[in-house]
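S.K.: got a predicted model here, sequence first, then my questions.
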Amino acid sequence: MRFNSIVFIEFLCIFFFGWSLIARKRPVALWYLVIASWIFYGYAAWWFVPVLVGTATVDWALARAMERVPERKKALLVISCVSNIGVLFGFKYLGFFAQTMDGIFGLGLSVPKIVLPIGISFYTFQSMSYVIDVYRGKIEPTKSWLEFLAVVSLFAHLVAGPIVRVSKILPQIQALKKPSPAEMWIGLDLICVGFFKKIVLADRLGGFSDLVYRDPHPGGLAAVLATLAFAFQIYFDFSGYTDIARGLARWLGLDFGLNFNHPYSAIGMADFWSRWHISLTSWVRDYLYIPLGGNREGTAKMYRNMWICMILSGLWHGANWTFVVWGAIHAAFLMLERLTDWPKKLSKTPTGSMLGVALTFLMVCFGWVFFRSESVGQAFGVLRAMVSRPWSLTAETSTDLVALCILMGAIAFELKTVAQRMCLLALRPLPLPALAIRNGVLLALCIVAPGSPRAFIYFQF
């Protein structure tokens, strides 16, 4: 069930009407939340639900077993990691692995195409990190299977994140409280902005980007504009989803935390990753980079760990060599940044800071070419078009002037943040009447926006 669909709006109306009646009646409220989340998730395919419940139940049981038989904690942790990675590998990477092995060794391997359960990369990471936290003694295992299911199954974050830590949300689920009027308004504001980002900005930019990337011989200017369009499309698409998820969480009395912090105002790739998909970045840092040794075992191993983490982060996004290359590109840029310390040097002056923001954005866009392309060959074709073909729009793409106007608007939408950062300014919160008017305008623009609804990009991950 997509957030940007009529059936989801109907689901929300029914859900929150019932929630208003039973929110304080435990465990009825938790069962209501879990079953509603299963209905939301199973709307795409009913068999997604048993996969989700099975994964969560195994990890809940393993965490409980760690408390009863602490001498076997390490073995139980291994079982959790193997089961979660095994489920993820079986659904997401088995075909890619078989195809790769067949290409290298000519083994004649053939794997039937398997439908990927929506959001499996998110909830397996969430569930596995809970067991790791119990193993490390950072959280006590919950005795309530229902409470754990309520966290993992929660419809607000289930299909495209953020990767909310169980240690953060479980205490909030255990002490569910009615949100205050201020929290309700914050939630509404996040939801309206999220829908605007997705429907008005991301979907319109996506149409233009798709048109150019489908062209086997795009013009140079078209390739550049399409890549810029995709850069803002994926940002507004994913941050829009996150805003909606955070807003819905506020209506439930929960706080997911920030997942995007204006990443295109970053100076340097390390700064970019501290602002982009923050929940994934922190997950990789805490559960992969630091356990591998982080930067504690010398420079060579630090770079090794960095490359491992970034390549696996790329592979997390999808079973395609384009994502592996995308991760490697970011690893190379991060290593170059460590060697030269160029962001710190440029940040000493306002002009240098602006140059640093622009340089970082260009580096990120270079990576987006591979992320967006269907194959590595297509990505190189787009890059060649940028530098070797005439900088003119084709007759077909030049007609999509609306998308180009949206692109300029999207850039302006983010430039204010860059300007504020350069000038060390802060936005004042809007008064309630102005906030209500703004949200009304945003929703009206969503309603009148042309085109059919598009699935969120991160649904496929």
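M.R.: Received the coordinates, thanks.
S.K.: need phi/psi at Glu140.
M.R.: phi -80, psi 140 (degrees, to the nearest 10).
S.K.: tell me the contacts of it?
M.R.: Glu67, Val134 (C-beta atoms under 8 Å, 6 or more residues apart in numbering). All C-beta spots, glycine's among them, are computed from the backbone N, C-alpha and C.
S.K.: got it, and Ser5?
M.R.: Ser5 makes contact with Pro453, according to C-beta under 8 Å, 6+ apart.
S.K.: against which helices or strands is the longest helix along the chain packed?
M.R.: Counting by DSSP state H, the longest helix found in the chain is helix 220-251. With contacts taken as 3 or more C-beta pairs under 8 Å, 6 or more residues apart in numbering; DSSP states H and E, helix 220-251 sits against helix 181-195, helix 203-214, helix 350-372, helix 376-388, helix 401-423.
S.K.: need the winner for burial among those.
M.R.: Using mean count of other C-beta atoms under 10 Å, the stretch among the helices and strands packed on helix 220-251 with the largest mean neighbour count is helix 203-214, at a mean of 22.
S.K.: for the longest helix of the chain, what is the average pLDDT?
M.R.: Average pLDDT, helix 220-251: 90.
S.K.: so how far is the helix or strand that that helix is followed by from its chain's centroid?
M.R.: Moving toward the C-terminus from helix 220-251, the next helix or strand (DSSP states H and E) is helix 269-273. Its chain's average C-alpha position is 15 Å from that of helix 269-273, according to C-alpha atoms, centre = their mean, to the nearest Å.
S.K.: tell me which residues in helix 269-273 are buried?
M.R.: Met269, Asp271, Phe272, Trp273 (16 or more other C-beta atoms under 10 Å).
S.K.: just checking, what packs against that helix?
M.R.: In terms of contacts (3+ C-beta pairs under 8 Å, 6+ apart), helix 269-273 is packed against helix 321-340, helix 350-372.
S.K.: including mean pLDDT and distance to Ala65, could the ones you listed go into a markdown table?
M.R.: Compiled in a markdown table, these are given as follows (pLDDT from 0 to 100; distance: least, C-beta to C-beta, whole Å):
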| stretch | mean pLDDT | distance to Ala65 |
| --- | --- | --- |
| helix 321-340 | 95 | 35 |
| helix 350-372 | 93 | 40 |
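S.K.: redo these as JSON lines? Include distance to Ala379.
M.R.: Shown next, in JSON lines, are the helices and strands packed on helix 269-273 (distance: least, C-beta to C-beta, whole Å):
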{"stretch": "helix 321-340", "distance to Ala379": "6"}
{"stretch": "helix 350-372", "distance to Ala379": "4"}
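S.K.: for Trp38, which of the ones you listed is the nearest?
M.R.: For these, proximity to Trp38 was assessed by C-beta to C-beta; helix 321-340 is nearest, at 29.8 Å.
S.K.: could you name the helices and strands sitting against the closest one?
M.R.: Helix 321-340 packs on helix 269-273, helix 299-317, helix 350-372, helix 376-388, going by 3+ C-beta pairs under 8 Å, 6+ apart.
S.K.: contacts for it next, please.
M.R.: Contacts for helix 321-340 (C-beta under 8 Å, 6+ apart): 268-270, 273, 302-303, 306-307, 309-317, 342-343, 363, 366-368, 370-371, 373-376, 379.
S.K.: for it, which positions count as buried?
M.R.: 321-335, 337-338.
S.K.: quick one, it and helix 299-317 angle?
M.R.: 150 degrees (axes from the mean of the first three to the mean of the last three C-alpha atoms, to 10 degrees).
S.K.: least trustworthy helix or strand in this structure by mean pLDDT?
M.R.: Lowest by mean pLDDT, DSSP states H and E among the helices and strands of the chain is helix 401-423, with a mean of 58.
S.K.: how big is the angle separating the next helix or strand after that helix from helix 181-195?
M.R.: Using DSSP H and E, the helix or strand that follows helix 401-423 towards the C-terminus is helix 432-448. With the same axes, to 10 degrees defining the directions, helix 432-448 sits at 30 degrees from helix 181-195.
S.K.: three-state assignment of Pro216?
M.R.: coil (DSSP: H, G, I helix; E, B strand; the rest coil).
S.K.: can you give me the distance of the closest residue in space to it that isn't next to it in sequence to Glu374?
M.R.: With C-beta to C-beta, 6 or more residues apart in numbering as the criterion, Pro216 has its nearest non-adjacent residue at 7.5 Å, and that residue is Gly381. Look at Gly381 and Glu374: by C-beta to C-beta, to the nearest Å, they are 11 Å apart.
S.K.: also Arg304?
M.R.: When Arg304 is compared with Glu374 (using C-beta to C-beta), they lie 30 Å apart.
S.K.: so those two - more neighbours on which side?
M.R.: Neighbours around Arg304 and Glu374, counted as other C-beta atoms under 10 Å, are more numerous at Arg304. The numbers are 14 against 11.
S.K.: ok, the more buried one - contacts?
M.R.: Leu292.
S.K.: tell me the contacts of Thr36?
M.R.: To be clear, residue 36 is Ala; Thr isn't right here. Going by C-beta under 8 Å, 6+ apart, Ala36 touches Phe11, Phe15, Gly18, Phe155.
S.K.: name the element it belongs to?
M.R.: helix 28-42.
S.K.: list every C-alpha atom in that helix, with coordinates, as CSV.
M.R.: Taking Å, rounded to 0.1, in the frame of the first residue of the first chain, the C-alpha atoms of helix 28-42 are listed here in CSV:
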residue,chain,number,x,y,z
VAL,A,28,-6.1,-4.1,22.6
ALA,A,29,-4.4,-1.0,21.2
LEU,A,30,-1.2,-3.0,20.4
TRP,A,31,-3.1,-5.7,18.7
TYR,A,32,-5.0,-3.1,16.7
LEU,A,33,-1.8,-1.4,15.7
VAL,A,34,-0.1,-4.7,14.7
ILE,A,35,-3.1,-6.1,12.7
ALA,A,36,-3.6,-2.8,10.9
SER,A,37,0.1,-2.8,10.0
TRP,A,38,-0.3,-6.4,8.7
ILE,A,39,-3.3,-5.3,6.6
PHE,A,40,-1.2,-2.3,5.3
TYR,A,41,1.7,-4.6,4.4
GLY,A,42,-0.2,-7.5,3.1
